[in-house]
Structures are given as C-alpha cells and as structure tokens.
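**Q** Need a 3D model of the following:
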Amino acid sequence: MADLALSLTMLAVLVLGFGAIVLLRRGERKRAGLMALAALVALANVAIWSIPAPPGTAQRPR
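**A** Numbering: from 1, shown residues only. Below is the predicted model:
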C-alpha cells in the first residue's frame, strides 16, 4: 500500500512540475511558484519515506 502512495505522489510531482512550467510560460509567476513549491514538498516527503530504517529499529506491528 505504501508503494502505491509513493507512486501516486511521484505522479503528482510530475504533474505539478509540468503545470508550473505551463503557468510560468503564461506569465503567472505566483501560481507557478506555488505549484513548484508543492512539488518540492511532495518530493521531499517521498524521499523521507523512501529512506530505509537502520537495522533493528523498525517497530513491530501490535
């Protein structure tokens, strides 16, 4: 399930990045910047969740 969420988030990053480029070409700098910022935040979240935990620190399911 986590793989699906990460994959969908990466698709959203690509769409947001493309949308930011399109808006930037139209001259809407503020909206393009906000879309690019949202893409960067989503990309950072994917990077954080993709980093493997050190051995022996993973929590066991309860």
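**Q** which residue is nearest the middle of this protein?
**A** By Cα atoms, centre = their mean, the chain has its centre lying nearest to Ala42, at 2.3 Å.
**Q** Could you verify my assumption that it touches Leu16?
**A** Yes - with contacts counted by Cβ atoms under 8 Å, Ala42 reaches Leu16, the gap being 7.1 Å. The way it works is simple: take the backbone N, C-alpha and C, and place the C-beta from them, glycine included.
**Q** low-scoring stretches of this protein, by residue?
**A** Low-confidence segments of the chain, defined by pLDDT under 70: 58-62.
**Q** Buried residues, the longest helix anywhere in it. List them.
**A** In the chain, with assignment by DSSP state H, the single longest helix is helix 2-26. Residues 13, 16-17, 19-20, 23 are the ones in helix 2-26 that count as buried (16 or more other Cβ atoms under 10 Å).
**Q** For these, give me TSV that also has distance to Arg31.
**A** Output for these, formatted as TSV (distance: Cβ to Cβ, whole Å):
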residue	distance to Arg31
Val13	17
Leu16	11
Gly17	13
Gly19	9
Ala20	8
Leu23	5
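**Q** Closest one to Ala36 out of these, please.
**A** Top of the list for closeness to Ala36, among the buried residues of helix 2-26 and by Cβ to Cβ, is Ala20 at 4.3 Å.
**Q** you'd agree the closest one is up against Met35?
**A** Yes - Ala20 lies in contact with Met35 (Cβ under 8 Å); the separation is 4.0 Å.
**Q** Need the overlap of contacts for these two.
**A** Listed contacts common to Ala20 and Met35 are nil; contacts here mean Cβ atoms under 8 Å, 6 or more residues apart in numbering.
**Q** Can you name the residues in contact with the helix or strand that contains the residue nearest to the centre of the chain?
**A** Per DSSP states H and E: Ala42 is located in helix 29-50. Contacts of helix 29-50 from elsewhere in the structure, counted by Cβ under 8 Å, 6+ apart, are 2, 6, 9-10, 12-13, 16-17, 19-21, 23-24.
**Q** Many thanks, we can stop here.
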